[in-house]
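Participant: the sequence isn't on hand, but the structure is:
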């Protein structure tokens, strides 16, 4: 998001604006899990999942708007939607949510066994650690999901063109 767009490039609402941060809502929810009701964490997953679905639909609409023979249009739209949905579901929701959950659970456990800090201090420390880990895990997870999809799902696509999902 911080990189300037190339001249003439269209601004992507889901990738180039503040809307992108909605995809990280579940990671924030996981970081706060020890402090908030479970319903708040599930709500954060709802926000992230809505972002994923909206981005996939947007990419499908954009793929459908590209002029080409009608026979290849539905395939292109399907590939754009599936690729974006799977990539975003893995890179924005499932893997980071699991990672932050485990980091926070492990840190709460370790702080409980290694310190005599009050529970509220341990919970806030765990939350802070979870929030601090989010920017560290984003790019490695994104690149890993790119590699995973390039090595599997994207080999099934009818064209050699890689959809731009990351």
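Facilitator: Now that the structure is in, tell me what you want to look at. Keep in mind the model is a prediction, meaning the values are calculated, not measured. Residues are numbered from 1 along each chain as shown.
Participant: the most far-flung residue of the chain relative to its centre in helix, strand or coil?
Facilitator: For the chain, the largest distance from the centre (CA atoms, centre = their mean) belongs to residue 116, which lies 35.6 Å off. Of the three states, residue 116 takes coil under DSSP: H, G, I helix; E, B strand; the rest coil.
Participant: that one and residue 122, how far apart?
Facilitator: Distance check for residue 116 against residue 122: by CB to CB, to the nearest Å, it reads 10 Å. Backbone N, C-alpha and C define where each C-beta goes, glycine included.
Participant: and stretch 112-130, how far from the chain's centre?
Facilitator: 27 Å (CA atoms, centre = their mean, to the nearest Å).
Participant: go on, stretch 123-142?
Facilitator: 13 Å.
Participant: again with stretch 142-150
Facilitator: 12 Å.
Participant: buried set for the helix or strand hosting residue 47?
Facilitator: Assignment of secondary structure by DSSP states H and E places residue 47 within helix 38-65. Residues 41, 44-45, 48-49, 51-52, 54-56, 58-60, 62-63 are the ones in helix 38-65 that count as buried (16 or more other CB atoms under 10 Å).
Participant: that one - contacts with which helices or strands?
Facilitator: Helices and strands touching helix 38-65, by 3 or more CB pairs under 8 Å, 6 or more residues apart in numbering; DSSP states H and E, are helix 25-31, helix 70-88.
Participant: which of the ones you listed comes out lowest on mean pLDDT?
Facilitator: In terms of average pLDDT, helix 70-88 trails the rest of these, at a mean of 87.
Participant: how far off centre is the helix ranked longest in the chain?
Facilitator: In the chain, with assignment by DSSP state H, the single longest helix is helix 119-151. The chain centre lies 11 Å from the centre of helix 119-151; the measure is CA atoms, centre = their mean.
Participant: what packs against that helix?
Facilitator: Counting by 3+ CB pairs under 8 Å, 6+ apart, helix 119-151 packs on helix 25-31, helix 70-88, helix 95-114.
Participant: which one, of these, ends up nearest to residue 153?
Facilitator: Nearest to residue 153 among those is helix 70-88 (6.2 Å), distances taken as CB to CB.
Participant: alright, calling it a day.
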